[in-house]
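> Here is the input, now give the coordinates:
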Amino acid sequence: MHLWWFLIVCLLYCPFALTVPPDVPCFDDSWQYSSVTGKCYRALNGTESWEVASRKCAGVFGNQSTANVTLLQFKNQLELQAIINLLLEVGQMQVFWTAARRIVPKCDNAPGGFDPKTMNFVPTSAHPRATVKAECKPGTFMKDASSPVFQDGPQVNKTLKQNEYYCTGQRNQTVIEDPMTFETSFQYSGYNVTSCELLKCLLLPEQLEHVDNKPTADPSERFVTRLYGENISLDCSPGFVSIQDNSSKTVVVKCGQGAVQASDGLWIPEIYQACVAVTCSEVELRQMTPNHGKLASARNYQTDKVFGPQQVNEYNVFGNVITIRCNEGFLYPDRTVEKEVECGLKEDSQIEGKYYGYSGTVLPIPSQCEATTCLYESAVMKPEHHMLPNFLIKNGTSDWKNVTKHEGLPYALQAELRFYCEDGYETVEQNAYLNITCGNLGRWVPQLIGCIAKTQKIPSQSDGRFRGEKEEAKSAKQISSVMFILTFIFLGLILLLDLTTVGRDAKQLMRNLKLQKRRIQAVRQKFRKSQQQSQGNEFEVDSNSELRNRTE
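This next block holds a predicted model:
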């Protein structure tokens, strides 16, 4: 016989003894109640076996209650206490007892403006003795409220904060045998909870790309608006498919919520990228690349977007023209350096991509690029070239070889040929011979153009530019003559204006002198008259004095 510890869990509401406090929701106060799960627990110990303990556990309430109980087995008291504390703390009883029924009534009908349509509780179950908080449901957000107004009443608990609720309850003593008679009720802070509003998602139709059926906004609105949970169905343009399902041309975007308590809705998936380009096989594109070749670049001629060597993973999308180029020193068998292929739609399909030749490229592309050579046919002398029949060859060695004809084989990259002009002829650079080299593109550089008849030696610089004797251009002489004539006319006009001004000033001076002379004469005449008048007055006075003296 072993010592076992047992945990009895009351799964149904049990009759209460009248001595138990009225706010205890369990059978009596010997049971431990969890406000997280709404269940009652009690530990029993003994020396019974598991079978015996199970039978005793089933009849623990005798005929007093039909409540179901569950028995758990532990090896020692520490293990028992640890699991009890854990289960009571996190409320995970449902994991162990899948048939458990929480019959202790929950609180409902929360006061203070709680709206069950837009709000819920955290934790989600409001069991007796539990404190819960009202929060907005997914798809809603809490509005910024003005200062709340306190409303006192019997359901107010001043220890609570705004948006908090406490679930309390009491036994109904009149019908104690009824397991559902524990009556519950909410208490709140006295302040109404902050209201929650439904999220909205906005759409600017003109910013939608690759969509055939763009939604339209109301005439008075700029944006298309949808509420949380509502959908918009979009049809992708040719060459584009749903970002959710690349086998579909239709994408359904839903108005959802991003961050918790975000005030703006979020389109899921991102509505402005709902339609993505059809892709062609990336594996096929790499298999198409020849030996000694590479994927060089890509360009979308619909959007003019260019993709560089570091964006190879974006080459294989609808509308892109991909350039497949041979490495330096190599050519395709048709003596071209690069081929172009386009990613388009497969015949009779709107969702599958296929590669097509572009700009003269014929598929399949050769599997290998060959070492660059130059054709001897492009370096054959003609009578009109006026060159000597002997010429020199340096083909992959450091030695020149004197020959009179080609060997009939292509020349290697960087091979050199030297041709000599006949007497009386020279190259366009006034040299006696012409060197041509096999270049990277499989062409002779420069081309074999022959010699021309010698002319007077024209001095040239080291870069080959011709430089004749310095001579003043005829146009410059003509311009100088015209400028001299214009200058002479200009100076003549200035002199004429000066002479005119001098004549006018001389006339004005003479006029001023005459006026001044007249003014002086007038002053003199006035002075003479005044002198004569004063002399006449003196004579009259003297005459009067003389007569007076005579009379006396």
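> what's the longest helix in the protein?
helix 474-551 (DSSP state H).
> Report the residue spans of the stretch 1-150 of the chain with pLDDT below the cut-off.
1-21, 27-30, 41-50, 53-77, 80, 84, 87-103, 144-146 (pLDDT under 70).
> what's the burial count for the closest residue in space to residue 364 that isn't next to it in sequence?
Spatially, and ignoring its direct neighbours in sequence, residue 364 is nearest to residue 288 (7.3 Å; Cβ to Cβ, 6 or more residues apart in numbering). Where C-beta positions appear, they are placed from N, C-alpha and C, glycine not excepted. Look at residue 288: counted by other Cβ atoms under 10 Å, it has 19 neighbours.
> Identify the residues contacting residue 288.
For residue 288, the contact set (Cβ atoms under 8 Å, 6 or more residues apart in numbering) comprises 324, 341, 355, 364-365.
> List the backbone torsions phi and psi for it.
For residue 288, the backbone dihedrals (degrees, to the nearest 10) come out as phi -70, psi -20.
> when you give positions from now on, start the count at 36
Shifting the count to begin at 36 puts that one at residue 323.
> Walk me through the domains of this protein.
39-131, 154-232, 237-310, 317-406, 408-488 (automatic domain parsing).
> Can you say which of the contacts of residue 323 are buried?
Applying 16 or more other Cβ atoms under 10 Å to the contacts of residue 323, the neighbour count classes 359, 376, 390, 400 as buried.
> so how far is residue 170 from the closest residue to residue 225 other than its chain neighbours?
Leaving aside its chain neighbours, residue 225 sits nearest to residue 191 (4.1 Å; criterion: Cβ to Cβ, 6+ apart). According to Cβ to Cβ, to the nearest Å, residue 191 and residue 170 sit 21 Å apart.
> what would the domains of the chain look like in a markdown table with distance to residue 523?
Shown next, in a markdown table, are the domains of the chain (distance: least, Cβ to Cβ, whole Å):
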| stretch | distance to residue 523 |
| --- | --- |
| domain 39-131 | 111 |
| domain 154-232 | 87 |
| domain 237-310 | 69 |
| domain 317-406 | 61 |
| domain 408-488 | 47 |
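> Which of these comes out lowest on mean pLDDT?
Least confidently modelled of these is domain 39-131, at a mean of 61 by mean pLDDT.
> Okay, now stretch 389-408: how far is its last residue from its first?
Terminal residues of stretch 389-408 lie 34 Å apart, using Cα to Cα, to the nearest Å.
> For it, could you pull out the residues that count as buried?
390, 393, 396, 400-401, 404-405, 407-408.
> Give me the neighbour count for residue 379.
With other Cβ under 10 Å as criterion, residue 379 counts 18.
> I should have written residue 469 there, sorry.
23.
> And for the one 4 residues further on?
Here the neighbour count serves as a burial measure; for residue 473 (other Cβ under 10 Å) it reads 24.
> Write down the beta-bridge partners of the closest residue in space to it that isn't next to it in sequence, one by one.
The shortest distance from residue 473 to any non-neighbouring residue, by Cβ to Cβ, 6+ apart, is to residue 409 (3.7 Å). For residue 409, the beta-bridge partners are residue 446 (DSSP bridges).
> From residue 314, how far out is residue 375?
18 Å.
> Of all the residues in stretch 268-287, which ones are buried?
269, 271-272, 274-278, 284, 286.
> Over to stretch 164-175?
164-167, 169-172, 174-175.
> Need these in CSV (columns: secondary structure and distance to residue 559).
Listed next are the buried residues of stretch 164-175 as CSV, based on DSSP: H, G, I helix; E, B strand; the rest coil; distance: Cβ to Cβ, whole Å:
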residue, secondary structure, distance to residue 559
164, coil, 137
165, coil, 133
166, strand, 129
167, strand, 128
169, strand, 122
170, strand, 121
171, strand, 117
172, coil, 122
174, coil, 119
175, strand, 117
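> Looking at the residues you listed, which is nearest residue 454?
Using Cβ to Cβ, the shortest approach to residue 454 within these belongs to residue 174, at 85.0 Å.
> list the contacts for that closest one?
So residue 174 contacts 233-234, 263-264, 291-292 (Cβ under 8 Å, 6+ apart).
> coming back round to it: is the residue nearest to residue 225 in contact with residue 227, as I believe?
No. With contact defined as Cβ atoms under 8 Å, residue 191 does not count as touching residue 227 (11.8 Å).
> Run a quick neighbour tally on the closest residue to residue 193 other than its chain neighbours.
Computed as Cβ to Cβ, 6+ apart, the closest residue to residue 193 that is not its neighbour in sequence is residue 225, at 6.8 Å. Residue 225 has 19 neighbouring residues, counting by other Cβ under 10 Å.
> Which two of the buried ones among the contacts of residue 323 have the greatest separation?
359 and 390 (10.5 Å).
> which neighbours do these two share?
Joint contacts of residue 359 and residue 390 (Cβ under 8 Å, 6+ apart) are 323, 376.
> one step back: name the nearest of the buried residues of stretch 389-408 relative to residue 543.
Using Cβ to Cβ, the buried residues of stretch 389-408 come closest to residue 543 at residue 393, 90.2 Å.
> The closest one is in contact with residue 376, isn't it?
Yes. Counting by Cβ under 8 Å, residue 376 is a contact partner of residue 393 at 5.8 Å.
> which residues are common contacts for those two?
With Cβ under 8 Å, 6+ apart as the test, residue 393 and residue 376 both reach residue 356.
> measure residue 550 to residue 536 for me?
From residue 550 to residue 536 the distance is 21 Å (Cβ to Cβ).
> Over to residue 402?
Distance of residue 402 to residue 536, computed by Cβ to Cβ: 95 Å.
> And the strands in the stretch 186-335 of the chain?
199-205, 218-223, 231-233, 235-238, 259-262, 266-270, 275-277, 285-292, 300-303, 310-312, 328-335 (DSSP state E, counting those that start in this stretch).
> can you put the ones you listed in TSV and add distance to residue 521?
Formatted as TSV, the strands of the stretch 186-335 of the chain follow (distance: least, Cβ to Cβ, whole Å):
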stretch	distance to residue 521
strand 199-205	98
strand 218-223	101
strand 231-233	84
strand 235-238	71
strand 259-262	72
strand 266-270	74
strand 275-277	70
strand 285-292	77
strand 300-303	75
strand 310-312	68
strand 328-335	57
